[in-house]
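*Asks:* just coords:
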């Protein structure tokens, strides 16, 4: 599962570099093992060797949850990522509470504002919806991100708060293979309706809803019979559009993404 | 009167908050809420410990020679073997 993460990170390395962010990994194994892996899988970024886990220890990342196979094995780290600024300060970090789960580097990029892949456009009333995802290819237990980007026509908005208006909401279709995390909603503006003397939170202009999803480890069972699986992910976007003068009925539009799941990198 | 939303005259009292759309590259790293709040390791806002280690080509690397102008994604992983 670690190899899968390092391979996925290799795929995203150029996109990080385009944003001025370099990429490196620290692994408690000797240089020759890292070299063989880098050559075999074509890893374009530094893999740092920490065979006695001294760096892992200094970072406070020794993971005592996973027992060692042999007592002389190095201490294992919690698997995860730090996004450091140019001064070496942690700006964001990505660790999963469930031991097996791993966030993709693509998900980190999407949350940093990068566009996703596999863009689809859907015309809504007075708005345009663009859906995309952080990754097109998935491995078991990976946490990835869906993006729903909306561009409103001028003088039109959608709603954030429930009440008399249907708030913007992504409703995924239940699927035993996908775990849906709490969505990340865009910032709102306050809109005051004088006749009703009410203030509501609205979305206007261009904004994105980000939905993290974990492909459950259990998908491995379905991959026993075939090395690759086409996985659709479906749901609907609920919303309501109003202009400065008039409101349209609450609406809902189906949305879908397509992914290809495969087994862990060997 | 029909549904309250059917006919409205809005007076916009806008508060400036920028749209959170896909961003052009090269900007500062956006803060990101943590999925696992109790996660170990250096906290957001703190500097990571100094480190130096050989890479797969035997070259000694440390933060200053790894980072880009926008920063560094530092990944910790357990194995390239199993």
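*Replies:* Received it, and whenever you're ready, just let me know what you need. Predicted model only: the values in this text are computed from it and were never measured.
*Asks:* I figured residue A:127 hits residue A:149, correct?
*Replies:* No - look at residue A:127 against residue A:149 with CB atoms under 8 Å: they stay out of range, at 10.4 Å. C-beta: built from backbone N, CA, C; applies to glycine.
*Asks:* For chain B, just list every one of the helices.
*Replies:* Taking DSSP state H as the test, the helices found in chain B are B:63-66.
*Asks:* Looking at it, which strand is longest?
*Replies:* In chain B, assigned by DSSP state E, the strand with the most residues is strand B:71-76.
*Asks:* Report how many residues lie close to residue A:44.
*Replies:* The number of residues packed around residue A:44, counting by other CB atoms under 10 Å in any protein chain shown, is 12.
*Asks:* cool, residue A:109 as well?
*Replies:* 23.
*Asks:* low-confidence ranges in chain B?
*Replies:* Along chain B, segments meeting pLDDT under 70 span B:1-26.
*Asks:* Could you do the stretch 101-250 of chain A as well?
*Replies:* A:195.
*Asks:* And the helices in it?
*Replies:* A:105-111, A:219-222 (DSSP state H, counting those that start in this stretch).
*Asks:* buried stuff in the last one?
*Replies:* So that's helix A:219-222. residue A:219 (16 or more other CB atoms under 10 Å in any protein chain shown).
*Asks:* list the helices and strands it packs on?
*Replies:* strand A:228-239 (3 or more CB pairs under 8 Å, 6 or more residues apart in numbering or on different chains; DSSP states H and E).
*Asks:* Pull up the pairing partners for the strand it packs on, direction included.
*Replies:* Strand A:228-239 pairs in its sheet with strand A:169-172 (antiparallel), strand A:251-262 (antiparallel), by DSSP bridges.
*Asks:* Which one of the ones you listed lies nearest to residue A:134?
*Replies:* Closest approach to residue A:134 among those (CB to CB): strand A:251-262, 10.5 Å.
*Asks:* Check what contacts that closest one and list those residues.
*Replies:* Residues external to strand A:251-262 that are found in contact with it (CB atoms under 8 Å, 6 or more residues apart in numbering or on different chains): A:118, A:120, A:122, A:124-125, A:129, A:131, A:133, A:135-140, A:146, A:148, A:166, A:170, A:215, A:219, A:223, A:227-241.
*Asks:* Mark which of the residues you listed are buried, thanks.
*Replies:* With neighbours counted by 16+ other CB under 10 Å, the contacts of strand A:251-262 contain buried members at A:122, A:124, A:129, A:131, A:133, A:135-140, A:146, A:148, A:166, A:170, A:215, A:219, A:223, A:229, A:231, A:233, A:235-241.
*Asks:* if we can go back for a sec, could you check which of residue A:127 and residue A:149 has the larger neighbour count?
*Replies:* The neighbour comparison of residue A:127 against residue A:149 (other CB under 10 Å) goes to residue A:149, with 23 against 20.
*Asks:* follow-up on the earlier one: now do the longest strand of chain B: which elements does it pack against?
*Replies:* By 3+ CB pairs under 8 Å, 6+ apart, strand B:71-76 packs against helix A:2-18, strand A:21-27, strand A:80-84, helix A:105-111, helix B:63-66.
*Asks:* what's the spacing between residue B:74 and residue A:72?
*Replies:* Between residue B:74 and residue A:72 the distance is 27 Å, computed by CB to CB, to the nearest Å.
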